[in-house]
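*Asks:* Predicted coordinates and the sequence they were generated for:
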Amino acid sequence: MEKEEYKIDEDLEGIRLDKAISKNNTSFSRMTVQRLIDEEKILVNGKKTKSSYKLNLNDIITIIKEEPKEVEIKPENIPLDVVYEDNDILVVNKQKGLVVHPGNGNPDGTLVNAIMARCKDSLSGIGGEIRPGIVHRIDKDTSGLLIVAKNDKSHINISNQIKNHEVKKTYIALVRGNLKENEATIDMPIARSTKDRTKMAVSKTGKNAVTHIKVIERFKNYTLLEVNIETGRTHQIRVHLSQIGYPIVGDYVYSNGKNPFGVQGQMLHSMKLEFVHPTTGKKMNLKADLPEYFEKVLETLRKEEKI
C-alpha cells in the first residue's frame, strides 16, 4: 500500500478538502475525491475528515493508494439503444427497468454489464470497480439519455461540466393533478430521509436542489411537464414533484403509485442532453423520443381527458 503526503501551503489554505485535492491532483474528479474521503483513503493530519473541512496552513494530507480490487463484472449482451458513440463517449437511451450499475440485489443484468460487452476495455475507471464509465445516473425506472465515458480524461471533463451546471438535462414527466402555474421553480434542499434510509426527502439540512418545471399539456386529472434540473440530487425530480403535491404517475416510492394505465414505475423520461464534447469542444444536442408505453398513455389521455 503506497501513500502520498504533502503539506498545505498558502495557495490551498481555507479551501474545502475535496476541492483542494481535485485542484492538486488533476487525475481525480471531485466525485472520486469525495468517495475516497468517505472510504478513509484521504486523511488530514492522519485522521478521517469531512469533504467540507476547510484546510489550514501546514495541514498534512495523506492519500492512500491501493491496488485496484479484482471485481468480476461479466459483460452481458443486453440490448442497448445507442444515440451517439465515438472514441471518447457513448450516449445511450436507457430502457425503463434497467439498473445503471451493480449493487445490493442487482449483481448483474445492469447497464454496466451491457456497456462492458459493447466497449470491452474502453471505459473510464474513475467511477470505481463497479461503475466503469458511469459519469452520472438515472433511476432504474426512469428511461432516457445517459452519458458513458470511455476514458478518464472524458470522465473528468464531463464530471466537471455537471458540477459547474454546464450540462442541460431535460426530462418529461406525467404527474397526477392539474398544475395551476404554467412555469415554476422548486428550490428545496434534499437529504436522506430520517424515517426511511432508502428514500430521500426535503430537509432544511439537506443539499441545495433546484428544479424548473414547465407545463407542456394539460388534462383533467394529469399534467405533462418539461423538467430541467440545475442540481442532480438523488431522486430529485420525484421528491420535488411529490412535495408540491403533483407526484409522478406510477411512482410507488414517493406516492401510492395508483394509476389507471397499469404503469409500473414512474413516468419520467430523460429526453434531451446538451453538453460540450470533452475532446472536440463541439456543442452536443441529443434527444431520445418518449418510450412507446408513454406515448400510448398520452394518446389515451388526449381521447378521454383532454381539456
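*Replies:* Sure, I can see it. Numbers count the residues shown, from 1 in each chain.
*Asks:* count of neighbours near Tyr246?
*Replies:* One way to gauge burial is a neighbour count; for Tyr246, by other Cβ atoms under 10 Å, it gives 21. The C-beta positions use only the backbone N, C-alpha and C, and glycine is treated the same way.
*Asks:* Would you agree it is in contact with Gly177?
*Replies:* Yes: with contacts defined as Cβ atoms under 8 Å, Tyr246 counts as touching Gly177 at a distance of 4.7 Å.
*Asks:* Identify the contacts common to those two.
*Replies:* Common neighbours of Tyr246 and Gly177, using Cβ atoms under 8 Å, 6 or more residues apart in numbering, are Thr223.
*Asks:* Asn93 falls within a strand, correct?
*Replies:* Yes: note on Asn93: a strand contains this position according to DSSP: H, G, I helix; E, B strand; the rest coil.
*Asks:* That one is in contact with Thr142, isn't it?
*Replies:* No: with contacts defined as Cβ under 8 Å, Asn93 does not count as touching Thr142, sitting 11.6 Å away.
*Asks:* what's next to the helix or strand harbouring Leu43, contact-wise?
*Replies:* Secondary structure from DSSP states H and E places Leu43 in strand 42-44. Strand 42-44 has contacts (Cβ under 8 Å, 6+ apart) with 17, 21, 33, 36, 49, 53, 55, 59-64.
*Asks:* re the thing from before, neighbour count winner among Asn93 and Thr142?
*Replies:* Of the pair Asn93 and Thr142, Thr142 is the one with more neighbours under other Cβ under 10 Å, namely 26 against 21.
*Asks:* pLDDT score assigned to the more buried one?
*Replies:* You'll see Thr142 listed with a pLDDT of 94.
*Asks:* Would you list the phi and psi of it?
*Replies:* phi -100, psi 130 (degrees, to the nearest 10).
*Asks:* quick one: it and Arg218, what's the gap?
*Replies:* Counting by Cβ to Cβ, to the nearest Å, the separation of Thr142 from Arg218 is 23 Å.
*Asks:* Tell me where this protein has helices.
*Replies:* Applying DSSP state H to the chain gives helices spanning 17-24, 30-38, 111-119, 152-163, 236-243, 292-304.
*Asks:* Just name the most buried of the ones you listed.
*Replies:* Stretch with highest mean neighbour count among those: helix 236-243 (a mean of 24; mean count of other Cβ atoms under 10 Å).
*Asks:* In stretch 283-292, which residues are buried?
*Replies:* Neighbour counts over stretch 283-292 (16 or more other Cβ atoms under 10 Å) mark Met284, Ala288, Leu290, Pro291 as buried.
*Asks:* Correction: the previous question concerned stretch 42-56.
*Replies:* Of the residues in stretch 42-56, Ile42, Leu43, Val44, Thr49, Ser51, Tyr53, Leu55 count as buried by neighbour count, 16+ other Cβ under 10 Å.
*Asks:* Please name the spatially closest residue to the last one (chain neighbours excluded).
*Replies:* Counting by Cβ to Cβ, 6 or more residues apart in numbering, Leu55 lies nearest to Ile8, which is 4.9 Å off, once chain neighbours are set aside.
*Asks:* Quick one, grab the pLDDT at the one you found.
*Replies:* What the model reports for Ile8 is a pLDDT of 87.
*Asks:* so where's the protein uncertain?
*Replies:* Across the chain, the ranges flagged by pLDDT under 70 are 1, 23-31, 66-72, 103-107, 125-131, 307.
*Asks:* Tell me the residue in it that is farthest from the middle.
*Replies:* Relative to the average C-alpha location in the chain, and by Cα atoms, centre = their mean, no residue lies farther out than Asn58, which sits at 35.7 Å.
*Asks:* so it sits right up against Ile8, yeah?
*Replies:* Yes: using Cβ under 8 Å, Asn58 is in contact with Ile8, at 6.3 Å.
*Asks:* Can you name the residues that contact Arg176?
*Replies:* So Arg176 contacts Asn221, Tyr222, Tyr246, Pro247, Ile248, Val249, Ser255, Asn259 (Cβ under 8 Å, 6+ apart).
*Asks:* rerun at 6 Å
*Replies:* Arg176 makes contact with Pro247, Val249 under the criterion Cβ atoms under 6 Å, 6 or more residues apart in numbering.
*Asks:* What is the nearest of the buried residues of stretch 42-56 to Lys163?
*Replies:* For those, the residue nearest Lys163 by Cβ to Cβ is Ser51; the value is 13.0 Å.
*Asks:* can you pull the contacts of the closest one?
*Replies:* Counting by Cβ under 6 Å, 6+ apart, Ser51 has contacts Leu17, Asp18, Gln34, Ile37.
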